[in-house]
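**Q** return atomic coordinates for the entry below.
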Amino acid sequence: MLDETSLRDLPNPVQKHFRRLEHFIVRTIADHLSSIGHSDLHRMQELQRMGFNLNHIEQEIANTLNITQQEVHAALLTASRAEYSGVRQFQHLYAQSPVPFGKNISLQALIQSISATTNGTFSNISNTQAIFLINQNGIASPLAFMYQEAIDFAIMQASLGQETFQNVVLQQTRALADGGIRRIGFNSGHTFRIDSAVRQNVLWGLGDLNRRQTDLIIEQTGADGVEITWHDGYRPTHDWGGLQFTLKDYANNIRPQMEEPNCYHRAFAIVLGISTPSYDDDDLEALRLKNEKEIEFDGETFTLYTAEQRQRKYESAIRQAQDRVNGYHAANLDNERLQQEILLNRLIQDYNRFSEGVGLKIHLNRLEV
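**A** Residues are numbered from 1 along each chain as shown. You can find the predicted model right below:
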């Protein structure tokens with residue numbers, strides 16, 4: 001069974017590719033906007049007439065999808081194999097012994113199905129007609145429309161003078177960098193950064209695989225209960241980690257909560273009254289006290305859960321600063337880029353200091369692009 005850290009890290013390679021795709025698109029647009037200021041009137045009119053060619057962005061999206069399809073399948077396979085190894089370890093307890101992982105045809109078909117569904121979602125997310133950008137007024141518009149609007153506005157401002165034009169490029173580049181490449185939720189109408197949407201889809205695929213794999217193992221082995229894994233930093237309402245449940249209690253009370261976003265608990269099949277719990281009552285009490293313990297840092301009080309939430313905010317701020325550095329560099333906004341690099345270094349220092357101060361692991365792999 002994979003631990004919480006391993007589960008959190010499984011989507012990172014896929015998310016990193018989409019972060020790079022975001023940076024590519026922002027760089028492409030920022031560079032194009034910047035070039036307007038160095039063009040004569042004839043060239044500006046030509047840019048306006050030609051509009052925006054999506055071919056190179058569509059090719060980059062296709063490349064990203066090709067790479068990530070293999071990595072999604074690898075992540076699902078890794079998780080499934082790790083969880084199945086625990087089943088094989090206790091095969092003597094079941095009414096029917098599970099077959100070896102590679103020979104479990106139903107399980108292999110399940111992995112393929114969830115992999116195909118997850119990758120299909122990526123294709124929908126990455127469709128250029130479904131990609132939205134945020135303009136300087138905070139309005140989300142389709143990629144091609146927003147870009148053409150930005151070009152038209154920049155050309156109009158360039159005719160008013162270089163200082164006005166530089167201001168426009170700064171505002172539009174900052175809006176692009178802060179907003180990222182986004183998609184609109186079909187049900188909510190809210191926009192989500194594409195890298196966050198991709199991460200959530202991988203995590204959902206991993207969770208769905210665990211739940212359906214556990215159902216399959218119960219069916220194949222005759223198991224009559226489940227045990228839920230423990231992990232630190234759980235949300236207060238998910239205080240049932242490490243406990244065993246009947247199939248009825250699991251289906252009615254626990255499984256629906258495990259389907260909530262960002263739940264890292266996992267279920268595995270057991271035989272009630274025979275399978276020894278992973279944790280006894282004393283173990284669980286000690287783990288709960290550790291998670292409820294108050295941590296003091298810089299005059300603030302945290303639990304392990306709230307400390308991890310603050311750490312996530314630092315990581316988001318660092319990624320935003322990286323996005324601005326990327327955009328300002330492409331737009332030749334050297335002063336703004338240098339200021340943002342200073343802020344970025346300060347944020348990383350604060351992140352390291354906070355993480356060490358509250359006893360959390362520093363996750364440099366979450367900050368890389």
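**Q** what's the burial count for the spatially closest residue to Y314 that is not a sequence neighbour?
**A** Leaving aside its sequence neighbours, Y314 sits nearest to Y351 (CB to CB, 6 or more residues apart in numbering; 4.2 Å). C-beta: built from backbone N, CA, C; applies to glycine. Neighbours of Y351 under the rule other CB atoms under 10 Å: 22.
**Q** name the element Y351 belongs to?
**A** helix 334-358 (DSSP states H and E).
**Q** mean confidence (pLDDT) on that helix, please.
**A** For helix 334-358, mean pLDDT is 96.
**Q** what residues sit buried inside that helix?
**A** Neighbour counts using 16 or more other CB atoms under 10 Å place E336, R337, Q340, E341, L343, L344, L347, I348, Y351, F354, S355, V358 of helix 334-358 among the buried residues.
**Q** any idea which helix or strand comes after whichever helix in the chain runs longest?
**A** Counting residues, the longest helix in the chain under DSSP state H turns out to be helix 55-89. Scanning forward in sequence from helix 55-89 by DSSP H and E, the next helix or strand is helix 105-125.
**Q** chain center to that following helix, what's the gap?
**A** 18 Å (CA atoms, centre = their mean, to the nearest Å).
**Q** which residues are in contact with the helix or strand that that helix is followed by?
**A** Note on helix 105-125: by DSSP H and E, the next helix or strand toward the C-terminus is strand 132-134. Residues outside strand 132-134 that contact it (CB atoms under 8 Å, 6 or more residues apart in numbering): 29, 140-143, 146-147, 175-176, 178-184, 191.
**Q** next, the most centrally placed residue in the chain: phi, psi?
**A** By CA atoms, centre = their mean, the chain has its centre lying nearest to R199, at 2.7 Å. Main-chain torsions, R199, degrees, to the nearest 10: phi -60, psi -50.
**Q** filter the contacts of strand 132-134 down to the buried ones.
**A** The neighbour count (16+ other CB under 10 Å) marks 29, 141, 143, 146-147, 175-176, 179-183, 191 as buried among those.
**Q** from those, pick the one nearest L287.
**A** Comparing these against L287 with CB to CB places G180 closest, at 36.9 Å.
**Q** ok, now which ones touch that closest one?
**A** With contact set as CB under 8 Å, 6+ apart, G180 has these partners: E22, V26, I134, R193, I194, D195, D323.
**Q** outline the domain layout of this structure.
**A** For the chain, automatic domain parsing gives the domain ranges 1-221, 224-291, 293-369.
**Q** and these, which one's lowest on average pLDDT?
**A** Among the domains of the chain, domain 1-221 scores lowest, at a mean of 80.
**Q** which members of the contacts of G180 occur in helices, if any?
**A** E22, V26, I194, D195, D323.
**Q** which of these sits closest to T303?
**A** Among those, and counting by CB to CB, the member closest to T303 is D195, at 28.1 Å.
**Q** neighbours of that closest one, just the number please.
**A** Around D195 there are 24 residues (other CB under 10 Å).
**Q** and it, what is it in contact with?
**A** D195 touches Q15, F18, R19, E22, G180, I181, counting by CB under 8 Å, 6+ apart.
**Q** now swap in N352 and tell me
**A** Neighbouring residues of N352 by CB under 8 Å, 6+ apart: I362.
**Q** also L367?
**A** Contacts of L367 (CB under 8 Å, 6+ apart): E315, I318, R319, Q322, I348.
**Q** OK, contacts around the last one?
**A** The neighbourhood of I348, defined by CB under 8 Å, 6+ apart, consists of I318, L367.
**Q** and if we set it to 7 Å?
**A** I318 (CB atoms under 7 Å, 6 or more residues apart in numbering).
**Q** same question for the first one.
**A** Under the criterion of CB under 7 Å, 6+ apart, the contact list for E315 reads R366, L367.
**Q** let's see it at 10 Å
**A** L347, Y351, S355, H363, R366, L367 (CB atoms under 10 Å, 6 or more residues apart in numbering).
**Q** just the second one next, same as before
**A** Applying CB under 10 Å, 6+ apart to I318 gives the contacts L343, L344, N345, L347, I348, D350, Y351, R366, L367.
**Q** for L2, grab phi and psi.
**A** Main-chain dihedrals, L2, degrees, to the nearest 10: phi -70, psi 140.
**Q** does it touch G207 like I think?
**A** No: counting by CB atoms under 10 Å, L2 stays clear of G207, with 12.0 Å between them.
**Q** E292 contacts F302, doesn't it?
**A** No: if you go by CB under 10 Å, E292 and F302 don't touch, sitting 11.2 Å apart.
**Q** more crowded one of those two?
**A** Ranked by neighbour count (other CB under 10 Å), E292 and F302 place F302 first, with 21 against 12.
**Q** how about that one, nearest residue that isn't a chain neighbour?
**A** In space, F302 is closest to I295, 4.6 Å off (CB to CB, 6+ apart).
**Q** against E356, how distant is that neighbour?
**A** Distance, I295 to E356, using CB to CB, to the nearest Å: 12 Å.
**Q** which SS state does the residue lying closest to Y234 once chain neighbours are set aside fall under?
**A** Closest residue to Y234 apart from its sequence neighbours, by CB to CB, 6+ apart: G241 at 5.8 Å. When classified by DSSP: H, G, I helix; E, B strand; the rest coil, G241 comes out as coil.
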